[in-house]
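Trainee: test case, fold it:
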Amino acid sequence: QVQLVESGGGLVQAGGSLRLSCTASGEILRDSAMGWFRQVPGKEREFVGGIRWIGARTNYPASVRDRFTISKDNAKKTVYLQMNALKPEDTAVYYCANGPYLRIAPGEYDYWGQGTQVTVSS
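Mentor: As a prediction, the model looks like this:
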């Protein structure tokens, strides 16, 4: 079993920045991947980036590529999502997830955190 805990969400003005953290515990696979997703009510969960525990490979959708950056600290089993130039449309609950592959589909991930709310005011 893998447990994931997100933190760092909150309220920020448009143009501001936030850094989310996701700390993993349990039997996480060394060569697995971590994804960040977000969801607003009534919409499907959206992939906003991911990283593999081994190496430096990352993946971002075009909608956030120039604003969001994912990094990791393997020793702390923690991944970070640095979000810059935030927009009101970035408002959502943000989740981290763990799965065997770095994929964009939520169904490809096996474990999920509880989510952290990010609200961007205009």
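
Trainee: in its sheet, what does the helix or strand containing residue 79 sit against?
Mentor: In this assignment (DSSP states H and E), residue 79 forms part of strand 78-83. In the sheet, strand 78-83 lines up against strand 18-26 (antiparallel), strand 68-73 (antiparallel) (DSSP bridges).

Trainee: in its sheet, what does whichever helix or strand comes after that strand sit against?
Mentor: Following strand 78-83 in sequence order, the next helix or strand is strand 92-99 (DSSP H and E). Here strand 92-99 has these sheet partners by DSSP bridges: strand 33-39 (antiparallel), strand 111-112 (antiparallel), strand 116-121 (antiparallel).

Trainee: ok, and what's touching strand 92-99?
Mentor: 2, 4, 6, 9, 20, 22, 24, 28, 32-40, 45-46, 48, 79, 81, 106, 108-118 (Cβ atoms under 8 Å, 6 or more residues apart in numbering). Any C-beta I mention is one placed from the backbone N, CA and C, and that applies to glycine too.

Trainee: buried among the residues you listed? Make that a ChimeraX selection.
Mentor: In ChimeraX, the members of the contacts of strand 92-99 classed as buried (16 or more other Cβ atoms under 10 Å) are selected with the following command:
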select :2,4,6,9,20,22,24,28,32,33,34,35,36,37,38,45,46,48,79,81,106,108,109,111,112,113,115,116,118
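
Trainee: hang on, residue 35 packs against residue 101?
Mentor: No: Residue 35 is beyond contact range of residue 101, at 9.6 Å (criterion: Cβ atoms under 8 Å).

Trainee: just the residues contacting the strand holding residue 79, thanks.
Mentor: Strand 78-83 has contacts (Cβ under 8 Å, 6+ apart) with 17-24, 34, 36, 48-49, 51, 64, 67-73, 90, 94, 96, 118.

Trainee: now list the buried members of those residues.
Mentor: Buried members of the contacts of strand 78-83, counted by 16+ other Cβ under 10 Å: 18, 20-24, 34, 36, 48-49, 51, 64, 67-70, 72, 90, 94, 96, 118.
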